[in-house]
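**Student:** sequence below, structure please.
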Amino acid sequence: MHRKYMGVKVLKKDFREKSSGFKDLTIAEPVWQKNNKKRRELAERLKEIVIEVDENGTIIYCNKKAMECSGYTREEIEGSNVINFVVEEDRKKIINNYLGLLEGKELTRSLYVIKRKDGSTFPVITYPDYILDDDKNVVGIREIIVDMSDIKEAREKLKESEESYRSLFENSLDGVYRTTPGGKYLDANPALVKMLGYDSKEELLKIDIPTQLYFRKEDRPDPDERNKIFETQFKKKDGSLITVEINPRVIYKEGRPAYYEGIVRDITQRKITEEKIKETNRKLKKTLSDTISILASIVEVKDPYTSGHQKRVSQLATAIAIEMGLDKNKVESIRVAGQVHDIGKVNLPESILTRPGKLSEIEFDMVKTHSQLGHDMIKRIEFPWPIAKFVLQHHERINGSGYPNGLKGNKICLEAKILGVADVVEAMSSHRPYRPALGVDKALEEINKNKGKLYDVAVVDACNRVFKNKKFKFEDNFRPQL
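**Tutor:** Just a heads-up that it's a prediction; the model follows:
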């Protein structure tokens, strides 16, 4: 008996659980079959499963994707009843759904669990459509079936992620928050509630953040400044202040800030500790400076003729180091080493240090020991840098002709090479008991003549630039600019 629903004729038959093929199906016109053939050709290229089921529930067509997903061959699928491919608990549902479709009920999607040939299962969602002959009679149902395995897995992972996030949120030792752009808390974890001294999250959510939380409301960053870590001071509920480090970010929706979220860490104790460390470092630095000054003055007291020599060598060596682009720490080490590079001379007899005439070979050999003697004295002091090594090597020369160990080339540290050049230039430029001052030009002539032989090329070139371009002069108040 034919019945018509929504302009579509349907033929009501029993929905039997058996394979019956495409029985008694009469094609009024060959056109619908031709069109159906084209649809099947398209279905073979789809990434979704496509099946066609006749009025008896028998699968009359399946595409390539159906075989790939189920593990069955085409022969095993086509000719079998559709209920054979769903789990037991879905059989009644699929029968009722097909009977409804054949009676012209609204086409709606359905959820089933499909059985594979190996016994495993996967969830699907089906999108049905009528197969009509040329007279608009329903002769079957076409289903596009979407494998929901990945979607289900994604949802489960999302759920797990959300649960993990909530666990981290609630159990974090740091404060975690979410606020409106206007300055109201949307959410806060227990750590933040405790940090700010409130009795409950509900109480904290009621406060106005700019006026009640920030020590100075103008310290609250604008949206364009909220994607970088910053420090500020918060007022606790009791009015006391804490210093916090905030790692924030802005969440945008449709190009506008929707809310802020981030992590708050109480660094009050850390800041106190940092200040104590800074104060300790200031005291240590002053102590070190005083020690260096005392050491330098010892030499100058014993050898008045070279008074100021160490200070001037330190000035020039520092200027050369800066010109060479060395980092500030290395520059400072050279400055300090220059101030004490001749400390070993305190162990030499005053008669040798102050003699106006030429020294004998034995006396000069005694003078050469001052580098080693200085090293042995300085090594007992815990400087932040290997000052003793610089002092030991400042008379070494790159061709091996220096002392005390006749080091060559890269065996001599750069700091010592710089001190060596500065030492020669200052000594030749200044008055000595055994000769008058030769001047800067003569000193520069000496180091340029022996550049690459006695003195490092890069150091000599930097020294030339310091005098010619930077207008360097030996002065008591000269301070090279770092």
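
**Student:** for the helix or strand harbouring Lys417, packing partners?
**Tutor:** Assessed by DSSP states H and E, Lys417 sits inside helix 414-429. When contacts are defined as 3 or more C-beta pairs under 8 Å, 6 or more residues apart in numbering; DSSP states H and E, helix 414-429 sits against helix 309-323, helix 328-340, helix 387-393, helix 440-449, helix 457-468. For every residue, glycine as well, the C-beta is placed using N, CA and C.

**Student:** and these: which comes nearest Lys236?
**Tutor:** helix 328-340 (39.7 Å; C-beta to C-beta).

**Student:** mind listing what's buried in that closest one?
**Tutor:** Within helix 328-340, the residues scored as buried using 16 or more other C-beta atoms under 10 Å are Val331, Glu332, Ser333, Ile334, Arg335, Val336, Ala337, Gly338, Gln339, Val340.

**Student:** quick one: least confident helix or strand in the protein?
**Tutor:** Every helix and strand of the chain was ranked by mean pLDDT, DSSP states H and E. The lowest is strand 2-5, at a mean of 38.

**Student:** I figured Asn347 hits Gln372, correct?
**Tutor:** No: with contact defined as C-beta atoms under 8 Å, Asn347 and Gln372 do not form a contacting pair (9.8 Å).

**Student:** any idea how far Leu438 is from Ser333?
**Tutor:** 29 Å (C-beta to C-beta, to the nearest Å).

**Student:** OK, contacts around Val340?
**Tutor:** Val340 sits next to Ile292, Leu295, Ala296, Gln310, Gly374, Ile378, Ile387, Val391 when contact means C-beta atoms under 8 Å, 6 or more residues apart in numbering.

**Student:** which strand residues bridge Pro257?
**Tutor:** Beta-bridge partners recorded for Pro257 (DSSP bridges): Tyr252.

**Student:** please enumerate the strands of the chain.
**Tutor:** Applying DSSP state E to the chain gives strands spanning 2-5, 8-11, 49-54, 59-62, 110-115, 121-132, 137-147, 175-179, 185-188, 230-235, 241-253, 256-266.

**Student:** by contact count, what packs against the fifth one?
**Tutor:** Secondary structure elements in contact with strand 110-115, counted by 3+ C-beta pairs under 8 Å, 6+ apart, are helix 64-70, helix 91-102, strand 121-132.

**Student:** buried sites along the shortest one?
**Tutor:** Using 16+ other C-beta under 10 Å as the test for burial, helix 64-70 gives Lys65, Ala66, Met67, Cys69, Ser70.

**Student:** stretch 85-97 now?
**Tutor:** Buried-residue list, stretch 85-97, by 16+ other C-beta under 10 Å: Phe85, Val86, Asp90, Arg91, Ile94, Ile95, Asn97.

**Student:** and the gap between Lys105 and Leu99?
**Tutor:** 9 Å.

**Student:** outline the domain layout of the chain.
**Tutor:** 2-152, 172-266, 288-468 (automatic domain parsing).

**Student:** dump these to TSV, plus distance to Arg166.
**Tutor:** Below are these laid out as TSV (distance: least, C-beta to C-beta, whole Å):
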stretch	distance to Arg166
domain 2-152	21
domain 172-266	10
domain 288-468	47
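
**Student:** mean pLDDT for those: which is lowest?
**Tutor:** Mean pLDDT values for the domains of the chain show the minimum at domain 2-152, a mean of 79.

**Student:** ok now the longest helix along the chain, how far from the chain's centre?
**Tutor:** For the chain, the longest helix by residue count, based on DSSP state H, is helix 268-302. Distance of helix 268-302 from the chain centroid (C-alpha atoms, centre = their mean, to the nearest Å) equals 35 Å.

**Student:** just checking, what packs against it?
**Tutor:** strand 241-253, helix 309-323, helix 328-340.

**Student:** which ones are touching Ile320?
**Tutor:** Ile418, Val421, Ala422, Val459, Ala462, Cys463, Val466.

**Student:** near the last one, how many other residues are there?
**Tutor:** Other residues within reach of Val466, judged by other C-beta atoms under 10 Å, total 22.
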